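# sequence isn't available, so here's the structure alone:
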Ligand SMILES: NS(=O)(=O)c1c(F)c(F)c(S(=O)(=O)CCO)c(N[C@H]2CCCc3ccccc32)c1F
Ligand SMILES: [Zn+2]
């Protein structure tokens, strides 16, 4: 589709011109405010299957011009939702070296350094992502808030290859690793709400699960991601840094944010 960016004339305030859903309801991300929260005792711990990938299998690490993404094998899935949601890819949103706040979801207006999204589609009802992406029960995304702090060895499994995908549409193969290690320890504490893709076409098709607890990466790891990538192709004369790739919080309207934990 038409090109879109996070700033300037194709920035988020203009997305709805080519992508009407971006101006619609049920948009993501949101500011997760305490007064919106409602404890739901039926929210079970998230259960994931086959996230521990062998180094013998290869994953594609790529720069798609909007984010850094890792394609995921279809044996990975979420088994604790009403339908099976099969993993498709994971990607990140981050700030910049000057503004190390780049998460999409905020918690009581606190913006984290970065955010990881593991994108899954409802494989009980749809054959692939493309068929699921615009259906109201099509997608389930697991969100992880990321702070700068302790070095994170799990992130190093792919960050050590990031200089091979500096430019848009570059891809490298990386050995599989335990994707579960990128998630926080507790999968039983999370925020849950109905929302959308946070990029065009912004379809309101996402069941969002944002884990309560953040993970940390070191400042160097953050800078590797926030300063090492460009949204322009390698041969372009003026390189465009890829950072600040986060959408601002959207109107919640009458939506409720459910929480799986009490205090
Ligand atoms: N924040 S978010 O809403 O989760 C989110 C992003 F922010 C994001 F940048 C991407 S993207 O990297 O593909 C670049 C722009 O589509 C996706 N892709 C999804 C939705 C689009 C179609 C598709 C097809 C196969 C695999 C993943 C996806 C995305 F879902
Ligand atoms: Zn995302």
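Right, received. Where do you want to start? Predicted model only: the values in this text are computed from it and were never measured. Numbers count the residues shown, from 1 in each chain. Ligands and ions are numbered 1, 2, ... in the order given.
# what residue ranges in the stretch 1-150 of the chain score low on pLDDT?
Counting by pLDDT under 70, the stretch 1-150 of the chain has low-confidence residues at 1-2.
# list the contacts for residue 75?
49, 50 (Cβ atoms under 8 Å, 6 or more residues apart in numbering). To be clear about C-beta, it is placed using only N, CA and C from the backbone, and glycine gets the same treatment.
# doesn't it belong to a strand?
No. Under DSSP: H, G, I helix; E, B strand; the rest coil, residue 75 falls outside any strand and is assigned coil.
# and the gap between it and ligand 1?
Noted for residue 75: a distance of 16 Å to ligand 1, by Cβ to the nearest ligand atom, to the nearest Å.
# look up phi and psi at that residue.
Taking degrees, to the nearest 10, you get phi -80, psi -20 for the backbone angles of residue 75.
# one more: residue 147?
Torsion angles, degrees, to the nearest 10, at residue 147: phi -110, psi 160.
# what distance do you get for residue 209 to residue 51?
Going from residue 209 to residue 51 by Cβ to Cβ, to the nearest Å gives 14 Å.
# before we move on, what about residue 163?
In terms of Cβ to Cβ, residue 163 sits 26 Å off from residue 51.
# quick revisit: show me which of residue 209 and residue 51 is the more surrounded one.
Between residue 209 and residue 51, counting by other Cβ atoms under 10 Å, residue 209 is the more crowded of the two (25 against 19).
# helix or strand: which one has the more buried one?
For residue 209, the host element (DSSP states H and E) is strand 206-211.
# and the gap between the residue of the chain most remote from its centre and ligand 1?
Farthest-out residue of the chain from its mean C-alpha position, per Cα atoms, centre = their mean: residue 237, at 29.9 Å. Counting by Cβ to the nearest ligand atom, the separation of residue 237 from ligand 1 is 24 Å.
# does ligand 1 have contacts with stretch 110-118?
Yes. Using Cβ under 6 Å from any ligand atom, stretch 110-118 reaches ligand 1 at residue 117.
# and the gap between residue 118 and residue 108?
Using Cβ to Cβ, residue 118 is found at 24 Å from residue 108.
# show me which of the two is the more surrounded one.
Ranked by neighbour count (other Cβ under 10 Å), residue 118 and residue 108 place residue 118 first, with 25 against 9.
# look up which residues are beta-bridged to the more buried one.
Beta-bridge partners recorded for residue 118 (DSSP bridges): residue 90, residue 142.
# which residues of the stretch 51-200 of the chain lie near ligand 1?
Residues of the stretch 51-200 of the chain found near ligand 1 (Cβ under 6 Å from any ligand atom) are 64, 66-67, 69, 88-89, 91, 117, 119, 129, 133, 141, 197-199.
# now with 8 Å, please.
Contact residues, the stretch 51-200 of the chain versus ligand 1 (Cβ under 8 Å from any ligand atom): 64-67, 69, 71, 88-89, 91, 93, 104, 117, 119, 121, 129-130, 133, 139, 141, 196-200.
# work out for me the element residue 154 sits within.
Using DSSP H and E, residue 154 sits within helix 153-159.
# mind checking the pLDDT average for that helix?
Across helix 153-159, the average pLDDT comes to 98.
# adjust the sequence numbering to begin at 4 for everything that follows.
Sure thing, new numbering starts at 4, so read that last one as helix 156-162.
# what is that helix packed up against?
Judged by 3 or more Cβ pairs under 8 Å, 6 or more residues apart in numbering; DSSP states H and E, helix 156-162 is in contact with strand 174-178, helix 222-230.
# and if we set it to 6 Å?
If you count contacts as 3 or more Cβ pairs under 6 Å, 6 or more residues apart in numbering; DSSP states H and E, helix 156-162 packs onto helix 222-230.
# residues contacting the residue nearest to residue 24 when sequence neighbours are not counted?
Leaving out its chain neighbours, the residue that sits closest to residue 24 by Cβ to Cβ, 6 or more residues apart in numbering is residue 205, at 4.4 Å. Contact analysis of residue 205 by Cβ atoms under 6 Å, 6 or more residues apart in numbering lists 22, 24, 25, 199.
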